[in-house]
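K.L.:
curious how this folds, go ahead:
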Amino acid sequence: MSDPEIPQKQPYIVTLPEGTHYWCRCERSQKQPLCDGAHKGTDFEPVAFTLDAPETVILCGCKHTQDAPFCDGTHNHL
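P.N.:
This next block holds a predicted model:
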């Protein structure tokens, strides 16, 4: 798999409803940090995650986290 581009070096702090969401891994989505299907034709796939209740989450913006889809601070070392 090729390395993703970096849409932003800070995390996205978003409040999401309960349910399954798809974090964009490819950087091409126009709905960052969530997937809009723009990865089609690449070797990237979105990462699914489920929330049991509405929640504010901190999602990776640099696409290099080791805890996808959540920010692990990797952007501080890029």
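K.L.:
what residue is smack in the middle of this structure?
P.N.:
W23 (3.8 Å; Cα atoms, centre = their mean).
K.L.:
which one is that one nearest to, not counting chain neighbours?
P.N.:
Closest residue in space to W23, ignoring its immediate chain neighbours: P69 at 3.2 Å, by Cβ to Cβ, 6 or more residues apart in numbering. For the C-beta atoms, the positions are set from N, CA and C on the backbone; glycine is no exception.
K.L.:
what do you get for T20?
P.N.:
The shortest distance from T20 to any non-neighbouring residue, by Cβ to Cβ, 6+ apart, is to T50 (4.8 Å).
K.L.:
surely the one you found is in contact with Y22?
P.N.:
No - T50 is beyond contact range of Y22, at 10.5 Å (criterion: Cβ atoms under 8 Å).
K.L.:
between the two, tell me which one has more neighbours.
P.N.:
Counting neighbours by other Cβ atoms under 10 Å for T50 and for Y22 shows that Y22 has the greater number, 19 against 8.
K.L.:
and the residue nearest to W23, how far is that from T20?
P.N.:
Note on P69: its distance to T20, by Cβ to Cβ, to the nearest Å, is 12 Å.
K.L.:
and stretch 40-55, end to end?
P.N.:
28 Å (Cα to Cα, to the nearest Å).
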